Structures are given as structure tokens and as C-alpha cells.
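# the following comprises the amino acid sequence and a computationally predicted model.
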Amino acid sequence: MRDDDRLVEALREVIETTDPPPQRLIDAAKASLTWRTADAELAELIADSATEPVAIRSATEAPRLLTFTAGDTVVVLEVTRDAGAHRIMGQVVAAGAATVEVRHADGVVSVTTDADGRFRAAPVAAGPISVSCRFDDDRPAVVTSWVSI
Amino acid sequence: MADLSVSELVRAASRGDQLAWDRLVDAHASLVWAVVRSHRLHGGDAEDAFQSTWLRLVENLERLVQPDRLAAWLVTTARRECLRLLRRVGAELPVLDMDDHAQDAAAPDPGPVEALLAREEQVTLLRAFQRLRPRCQDLLRLTVAAADPRYTDVAAELDMPVGSVGPTRQRCLEHLRRILHDGDTTSRDTNSGGDTAGDTNDTGPAHAHPRTGRR
């Protein structure tokens, strides 16, 4: 067993030297704590058109449709690729207006919804995104889980 | 802070304690990376999977049911992120069971990767490791990356019965040792001998992708 431990230890050294997680990614992971939203309800992804079988997708490049829910609140995002960046049209299905923040790799796009809960946000960088919705009344904020676009 | 347990660090991080969070990331980055690599993800996809895993942890810090089992949670989450990406990419799903050989008999290029290694014996060990079957590489990579290797976590990641992880890991280590002893000029890492049959039952089909393109 001692021999195994030595071998495993030597292997650990070799792997950590030759294929470590890139420092840039470790730094990004550390920085991601700033996205923490205390006391917000988490809206989970329940549907994603990109994971549907190819046969039922349309032939042209249709926008990607993402649906999240938290309790009675539904957040729908329609993501369109637009010259490198992305454009998002969305709707927060909940009573009342909301302030929406689209959080992405290069920053935040902040918008307010119209009377029907609709909003547009652009440009949004490729990579993980999450949308937070704050309501004008005292309902808790809703944040969607992160999803890569 | 040095003597805080993982669950105490999780609790501190969920209150916004950056130092606690940094320590969690440092302690588990290699483990998450090992999961990503075991899915043959490279480049932007590997980065996406890695990054999404930590973002998911941020959003779930207050919701972890067993914060002391953070390693297991990260392994499961990283795996899910990888599968999600692979599903999206679609065509790049690993091809199963084409060949049991991780590498052809030719030694890998003594490229920049090996220049990173200070000692000759480390280069030899790396070459031997690269000649193991991919399943063995994955299993060893995961067990060495986990600060506290819990076999159940590794099993979940590799779709193996928990009871077979220990024995299989043992066989992989023996195999590695055999390649080291035989030198890399003669034998290939698997042959039609008895040990292969035993391995196959436990580890399932090997992935065909050679491990290339690594930094």
C-alpha cells in the first residue's frame, strides 16, 4: 500500500505539472463569487431548444429558446446570435414590472420590462449567462440558473 | 481560517467571504478539471464546463444539503455540465469501444508538456500513464485530484458500481507499474492476456479518443 501511495503521489505531481486547470480559469472561478445573490429565488432551466433532437429543430438558424421557472414565475429567453455577440429577447411572466439584469462574461446589461414583462438586452457575450429579476413590490428577486450561450 | 472544515468554508462563502471561497476553489479546482478532461472536453468547451460548475456552486452555496460532501457535489455538477455541453455539441460525443489502446505503440512526442517535468522519471511516468487505457487514466486522474478520494464520487463520475472502484484502481496502478517496469519499447498497454478480460467487466468500453491536444 505504501508503494501505491508513492506512485499515486508521483502521478499527482506529474498531472498537476502537465495539465493543471489554467490559472485564468481559477481566477475567473474566484471572481464568480461576486455573482452571489443572497435571498433570491433560483429559477431552474426546464426547457432548452438546443437540446431537442435535431429533427424537430427548424432548418434555418432559429433563436434558442430557454425557459426557467421558480414557483409561479416563468422566465423565457430567446437568444439570437448577432455578429459574434448575442441578442436576447425575453419575458418575465409574473405580475408587475421588473428590473432585469442579464449577467454575462463581460458584464451586465440592465433593463426594465414593459407592462407585459417583456424586455430586450444586447449585446450579451458568449459563455455563461444568468438573468436576475427584481420586482417593484416586496417579492423576493428571482435569478435564473447559469446557462452557456 | 487555516483550520476551517469544508462545511465551515461553504457557510462563510455563502455569506460572501471571498477568502473562504478562494480556498474552496483552490482545493477543488483540480478535481473539477479532472472531470472535465475525462469527458474529452478541450478548449472553449472545457472552459465553459469548468466555469459553469463554479457559477452553479455560487448559486447553490446556501442550498447545499451536505456541505461537507462538496467534492461529491462538484463531481456530479461538473459531470452534468459536461454532458449538457456534449449534448449541445452533439456530433462530438465520445465514440465507444473502438479500440482498447490509449495510444499506439509510438511514444508520444517529447513535446512542450514533457519539458515541464523536471526529472526524467517523471517523463517516464507520464509516458506510462498515457499508455494506460482511457478508463484507467480517468479513474487515476480523478482519484489523485481528489484531496480526499471518496470512491463513491469517482464511481458516480465513471458510471461504475461503487464496489468495483477500489479493485479497478488497484489494477490500474498495477498496470501502470508494469508498463514502467517493462519500459516503453516492447509491450503495449493492453494485450489479449488475462488481465484485460477482468478489466473490461469493471470498466466498460474504453473511449477511443487519444488524449491529445493537451496543454
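Structure's in. What do you need?
# the strands in chain A, which residues?
All strands of chain A, identified by DSSP state E, fall at A:41-48, A:64-70, A:73-82, A:85-93, A:98-104, A:107-112, A:118-124, A:128-135, A:142-144, A:147-148.
# and if you look at chain B?
So, for chain B - with DSSP E - there are no strands.
# the domain parsing of chain B - what is it?
The record's domain split for chain B, according to automatic domain parsing, is B:6-89, B:112-203.
# how about the shortest one, does it reach chain A?
The reference is to domain B:6-89. Yes - using C-beta under 8 Å from any C-beta of the partner chain, domain B:6-89 reaches chain A at B:13-14, B:16, B:18, B:21-22, B:25-26, B:29-30, B:32-33, B:37, B:47-48, B:50-52, B:54-56, B:58-63, B:84-85, B:87-88. Backbone N, C-alpha and C define where each C-beta goes, glycine included.
# and those, which are buried?
Burial by neighbour count, 16 or more other C-beta atoms under 10 Å in any protein chain shown: within the residues of domain B:6-89 next to chain A this picks out B:13-14, B:21-22, B:25, B:29-30, B:32-33, B:37, B:47-48, B:50-52, B:54-56, B:58-62, B:84-85.
# apart from its neighbours in sequence, what residue is nearest residue 68?
As the question left the chain open, I've gone with chain A. Take residue A:68 and drop its neighbours on the chain: the residue closest to it by C-beta to C-beta, 6 or more residues apart in numbering or on different chains is residue A:43, 3.8 Å away.
# um, chain B though
Spatially, and ignoring its direct neighbours in sequence, residue B:68 is nearest to residue B:7 (4.5 Å; C-beta to C-beta, 6+ apart).
# what's near enough to touch that neighbour?
Listed by C-beta atoms under 8 Å, 6 or more residues apart in numbering or on different chains, the contact partners of residue B:7 are B:67, B:68, B:70.
# include neighbour count and pLDDT when you put those residues into TSV, please.
Output for the contacts of residue B:7, formatted as TSV (neighbours: other C-beta atoms under 10 Å in any protein chain shown; pLDDT from 0 to 100):
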residue	neighbour count	pLDDT
B:67	20	90
B:68	12	87
B:70	20	90
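# closest to residue A:6 out of those residues?
Nearest to residue A:6 out of these is residue B:70 (C-beta to C-beta; 27.7 Å).
# the closest one contacts residue B:64, doesn't it?
Yes - if you go by C-beta atoms under 8 Å, residue B:70 and residue B:64 touch, sitting 7.0 Å apart.
# overlap in contacts, the two.
Common contacts of residue B:70 and residue B:64 (C-beta under 8 Å, 6+ apart): residue B:10.
# so can I have TSV of the strands of chain A showing mean pLDDT and mean neighbour count?
Rendered in TSV, the data for the strands of chain A read as follows (pLDDT from 0 to 100; neighbours: other C-beta atoms under 10 Å in any protein chain shown):
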stretch	mean pLDDT	mean neighbour count
strand A:41-48	91	15
strand A:64-70	94	20
strand A:73-82	92	18
strand A:85-93	93	19
strand A:98-104	93	22
strand A:107-112	93	14
strand A:118-124	93	18
strand A:128-135	92	23
strand A:142-144	94	26
strand A:147-148	88	20
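# looking at those, which is nearest to residue B:175?
Closest of the strands of chain A to residue B:175 is strand A:147-148, at 36.5 Å (criterion: C-beta to C-beta).
# given that closest one, what are its sheet partners and their directions?
The strands that strand A:147-148 pairs with in its sheet are strand A:128-135 (antiparallel) (by DSSP bridges).
# which other residues reach the partner strand?
A:35, A:37, A:40, A:68, A:73, A:75, A:77, A:88, A:90, A:92, A:94, A:96-105, A:141-149, B:48, B:51-52, B:55, B:59.
# how about 7 Å then?
The contact list for strand A:128-135 (C-beta atoms under 7 Å, 6 or more residues apart in numbering or on different chains) reads A:35, A:37, A:40, A:75, A:77, A:90, A:92, A:96, A:98-105, A:141-149, B:48, B:51-52, B:55.
# quick one: that strand to chain centroid distance?
With C-alpha atoms, centre = their mean, to the nearest Å as the basis, strand A:128-135 stands 8 Å off its chain's centre.
# sweet, I'm off.
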